[in-house]
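*Asks:* Please work out how this folds:
(3 chains, ligands or ions: 2)
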Amino acid sequence: MVAVSDPILEVDGVEKYFGGITALDGASFDVESGITGLIGPNGAGKSTMFDCITGFRDPDGGSVWFRGEDVTGDSPSAVANRGVVRTFQIPHELPEMTVRENLALAPRDQRGESLVASWARGDGYYEDEQRAQRRAVEAAERFEISHVLDTPAGELSGGQRKLLELARALLTEPDLVLLDEPLAGVNPTLEERILDHIQTLAAEGYSFLFIEHDIDVIMEHCQEVIVMHQGRVLMRGEPEAVRTDDRVVDAYLGGDAE
Amino acid sequence: MALADFLVSLLTVVSVYTLFGLGLNIKYGFTGLVDFGHVLYFMTGAYVTVVVTLPVAATSYEGIGGFALPQLLSGVPLGGLLAWFVAIFVAMVVAALLSLLVGVPTLRLREDYLAITALGIATILHTVVNDERWLFNGPFGVRDVHQPLAEAFPVSLGSFLVNLAVFGLVSVLVLAYIGYRVGDYVYGVDLRAAAMAAAAAVLVVAGLGAAALGGALVLGGVLVAVAGVVVLARGIGRADGFGRPLALFTALVFVAWHFGTPFFTAGPSGVLASAVWLFDPTAGADGGFTYGRFVLLVAVSFVAVAYWWCERTVNSPYGRVLRSIREDEDVPEALGKRTFRYKVQSMMFGSALAAAAGGLWATHIAFIDPTQFIADITFFAFTAVIIGGAANNRGVVVGTAVFWTLHTGTRFLNDYFPTEYATQLAALRVMLIGVLLMVILYYRSEGLLGEQTYDTGVAAEEGGRSE
Amino acid sequence: MVETGLIDAVAQGLVTGSIIAAGALGLSLVYSIAEVPNFAHGDMLTVGAYLALALNNPSEIPFVPNAVALPFAVAAVGAVVVAGVFGGIYEKAVFARFRDKDADLITMVIVSLGLALFLQNLVLFLAGSANVTYDTVRRVNVNVDVYATGSGLGVELTQRAGADLATLDAWGYGWLAVVAVLAVAVAAGVAVYRWRSADTGYERVHFVSPRVLAVATTLAVAAGGAALTRGGTVATSNPAFSTRIGVSWKYGAILAVMLATMLCMNYVLKRTKTGRAMRATADDQSLARVRGVDIDRVQLVVWVLAAVLAAIAGVLLGWYASNLNPNMGFNLLLPVFAAVIVGGIDSPYGAALGGLLVGLSMDVGVYLLPAEFATYRTAIAFVILVAVLLVTPEGLWGDA
Ligand SMILES: Nc1ncnc2c1ncn2[C@@H]1O[C@H](COP(=O)(O)OP(=O)(O)OP(=O)(O)O)[C@@H](O)[C@H]1O
Ligand SMILES: [Mg+2]
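*Replies:* Numbers count the residues shown, from 1 in each chain, chains lettered A, B, ... in the order given. Ligands and ions are numbered 1, 2, ... in the order given. Okay, the predicted model is just below:
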């Protein structure tokens, strides 16, 4: 691993208010390549932070930079096309489309996705679609959901939905993947499998920022940990340092950080 | 009016509204856009087509135009027809641009807000067209609708017998082909269900026939017909699917109506007239192929092309993105698809199809005024699409045929009531449509056919072309 | 000659606005609690209006026996009660079933459209398409003519009697009195606001919001002051400014009924157990259910209330316009939706206020625009709707 690397994602003083509620209160952090964990008690603002990074919500203050470029206020698709893709805390499968279609949707820059190309079916239409279909099948095999390829996604089990969501996000070939509690509600064997996948993918060059409540998982798999509390970043550091930090312990035990 | 003429006119109306419904299905069925203002583009298409082809200074017309395109192109061979096609194309472009203007502010909104704003814009523009005489002649409407090639009709091949033989043969072949397709589909039907469907058809036909004789028989006849429907429902309950018995029933009722009624009113010659329905023996000196039948042909070709076009659109990665927007817009956004653009395009494409339908409508009806473009037309199209099955292009054809057959078919009831009840009967019909809409959504929200299946042209497993 | 002017348009707008407000209040309840964007709401107005017609002037409806013809007020009350029963039927026969199936928003939109087609054409079927009116006592309108002159403000009440205009009464105020009354009224309003909002806490729910109370106080004090300081006539021959306001007891009655309706609704929402259950359901249905709220009962109450409010609005609309037709409610659907969205769909108070705003804008807008735009009253409501949606997709007074 490179000792000093430029951060790929920089979050600078992001604020977000919902009516009277302060969800993000000037949170700042950097994310470097590799696997970074994001932890914090319920309501700390983690999911809202993901929304602000990926353009699903416009921050009320502060800015977000990806690979040195300002992406604050960009539309979600624009952020995704720069290489930041996210999953949702509650899986968003497309219920009436098959798993195959859910997956084939994901690859970016398919030539058949333009209206005129869908009519003309000229250069590259079939090649791109074949590639998309092939990659959908591969992803399904990798995530062990190939036996349900032709099932409507609405009929999947909770764990299968998590896998589908993860597989679909990765099919866009992102630089950075934001995972919102990919392990919540997943049985232990499946949890192991998902974590193995993440490790393998990280070795292949993907970077991850992932939200998780299980501190042991974070310890084992993350190079860096960011701790959020009440809309701010409480601290950022190596897993071991975080675990022994008094403020973090206080926050998780429900005490007041200040 | 001979039965065959009625059939031709009904089929033309069904074709026009099928085209209209295909446009709505792109928006609502595949993309999930609840465009309650869809009729706006139908109206736009009708007026633009008419005005572009309207002679300059047409009598009792005070709106903008006409632009006299047929006269401009009169030097070109088939200039009148060419002008008409150009006018339809212009209408489609205008409607697409109008929907772009409407869509840019409204397509960012939540689905329920989109529904109300789209309805609002359509209502207001309808008021504008109705109230501003300088625009398209306001409430007085436009006569002088250009009907391309109308002067060449009725087409006659020389003598009555030749006409009868040629057009009659074509008519019979068309009927035979449809009969073959229906028969092929119905073939595997469960025998008991088939028997019950046949019994139901007999009951319904007998009941309606008795009712048609009027007087005290009306009540009894209607009761018998209702009994027929009950038998049909039971028969369907016996079979493993409702499609085959229903198709059999429909086919039997059609045959009884199309051939049986003329047999009773006009004898064997009536049956013959129905069999050679594309031939009109009363047109011109030797009989012939009428303009109305020509318009039907044109309308059916438009539907065929539009159907193919819609199928190609939705059976592609493009269509997959449209459907993902319908299911959950956040997902394609998160994956990097610019969903707003897709929604605008879907709106424009659907509106262009509606405009083509509008142009055809004007040509068919030969006179347009604002009363033909009320909001109910949109709601009827929604009903038709939902009957057939949203997100199913074949369903649009089936649903529209069912809807307009019921709607127009029940018009014959008007003959048995004093004319002052015409409003009442029309109201009753729309009331029942409202109920039908709710009942279908409750008991069978996927409609008759359910959502269609998709094939992007690439066989999924082998990764090769499936064509 | 005195002409009607902006103030007259404002008076009309208030009446229109309060009718829309009643419609909007009902729609917003259904929208936020039953989660149905109810396209049948306009036709629920029509049904209410025709129910009153059936009781009041049955000779206008072919299928109703001509036996009883109740006075208008009695018929109106009867209609509102029957409409409430209808509201229960809509819920039980239609919406409860779709709710049990977890129908999504789009389905609900289309279901309500089906109901709209049904109701509108039911009225058309039973009553025909002719324009009809209630059988009511007609009274001649009174004109309030206001003159601003060098010496003060002159007021004349005139009324048409045959071909000419009879002066009923005339009086005036010195400028000093005008300024003094206004100053006292505003001061009273501010004082009331301070006093009522002083103890505002997070927990406290005001029965009437301090702002509304302040405005009401200002108006009441101004009216009282005007009555007290009333002086002799002022020479009105050459006024700097004059305007005519047409008023009728009809307008007054409509405003009074609306005010009473709003107060009753306010009471129901804030002081009754059902009202609290309704608000809890609007906030979070599943949470409310867990806390033991009987959702089915709440929904039933909501639909009954919505139908009652719609019927009140419909009857008053038919009375105000002296005209009923089967499209009357559907034509008002757009302004009512505009009011709800302007006010924020989760806030019944916002919806009522939005209704006033939309009504005012429609009438004042028509007054300000050239005469040939009079048919575009509804378009004004629509422009407001789109403008608000573009600026703040959540509505002006979101429930923050
Ligand atoms: N749409 C919204 N409207 C109002 N408040 C919101 C909204 N979304 C989030 N909040 C509030 O913002 C704060 C942060 O929420 P967020 O979902 O980001 O927390 P989180 O850290 O992801 O929590 P969890 O671990 O439970 O997922 C919470 O107080 C929450 O109530
Ligand atoms: Mg979260």
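
*Asks:* ranges for the strands of the stretch 51-200 of chain A?
*Replies:* Using DSSP state E, counting those that start in this stretch, the strands of the stretch 51-200 of chain A run over A:61-66, A:69-70, A:84-86, A:176-180.

*Asks:* what sits up against the second one?
*Replies:* If I follow you right, that is strand A:69-70. For strand A:69-70, the external contacting residues (C-beta atoms under 8 Å, 6 or more residues apart in numbering or on different chains) are A:Ser63, A:Val64, A:Arg82. C-beta here means a position set from N, CA and C on the backbone, and glycine is covered the same way.

*Asks:* residue contacts, the closest residue to the second one other than its chain neighbours?
*Replies:* The shortest distance from A:Val64 to any residue other than its chain neighbours is 4.9 Å, reached at A:Thr72 (C-beta to C-beta, 6 or more residues apart in numbering or on different chains). Under the criterion of C-beta under 8 Å, 6+ apart, the contact partners of A:Thr72 comprise A:Pro59, A:Gly62, A:Ser63, A:Val64, A:Trp65.

*Asks:* Need the buried ones from these selected in PyMOL.
*Replies:* To isolate the buried subset of the contacts of A:Thr72 in PyMOL, counting by 16 or more other C-beta atoms under 10 Å in any protein chain shown, use the following:
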select buried, chain A and resi 59+62+63+64+65
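
*Asks:* What spatial separation is found between the residue nearest to the spatial centre of chain A and ligand 2?
*Replies:* By C-alpha atoms, centre = their mean, chain A has its centre lying nearest to A:Leu178, at 1.8 Å. Counting by C-beta to the ion, to the nearest Å, the gap from A:Leu178 to ligand 2 is 12 Å.

*Asks:* my guess is that residue contacts A:Thr87, does it?
*Replies:* Yes - with contact defined as C-beta atoms under 8 Å, A:Leu178 counts as touching A:Thr87 (7.1 Å).

*Asks:* returning to that earlier point: how about the contacts of strand A:69-70 in a markdown table, adding pLDDT and distance to C:Ala52?
*Replies:* As requested, those are exported to a markdown table (pLDDT from 0 to 100; distance: C-beta to C-beta, whole Å):
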| residue | pLDDT | distance to C:Ala52 |
| --- | --- | --- |
| A:Ser63 | 93 | 61 |
| A:Val64 | 94 | 59 |
| A:Arg82 | 93 | 62 |
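
*Asks:* Would you tell me which helix is longest in chain C?
*Replies:* helix C:295-321 (DSSP state H).

*Asks:* chain center to it: distance?
*Replies:* Remark: helix C:295-321 is offset 12 Å from the chain centroid, using C-alpha atoms, centre = their mean, to the nearest Å.

*Asks:* Check which helices and strands the next helix or strand after that helix sits against.
*Replies:* Counting by DSSP states H and E, the next helix or strand C-terminal to helix C:295-321 is helix C:328-343. For helix C:328-343, the elements it packs on are helix B:111-131, helix C:6-29, helix C:41-56, helix C:105-127, helix C:295-321, helix C:348-368, helix C:377-391, judged by 3 or more C-beta pairs under 8 Å, 6 or more residues apart in numbering or on different chains; DSSP states H and E.

*Asks:* What count of nearby residues applies to the residue of the stretch 101-250 of chain B found nearest ligand 2?
*Replies:* Closest approach between the stretch 101-250 of chain B and ligand 2, counting by C-beta to the ion: B:Arg110, at 23.0 Å. Neighbour count for B:Arg110, taken as other C-beta atoms under 10 Å in any protein chain shown: 12.

*Asks:* For it, grab phi and psi.
*Replies:* Here is the backbone geometry of B:Arg110 (degrees, to the nearest 10): phi -60, psi 160.

*Asks:* How is chain C divided into domains?
*Replies:* Domain ranges of chain C: C:6-137+C:249-391, C:142-247, per automatic domain parsing.

*Asks:* Contact partners for residue 196?
*Replies:* I went with chain A, as the question did not name one. Here A:Asp196 is in contact with no residue (C-beta under 8 Å, 6+ apart).

*Asks:* sorry, should have said chain B
*Replies:* Applying C-beta under 8 Å, 6+ apart, the residues near B:Met196 are B:Val231, B:Leu232, B:Arg234, B:Gly235, B:Arg238, B:Pro245.
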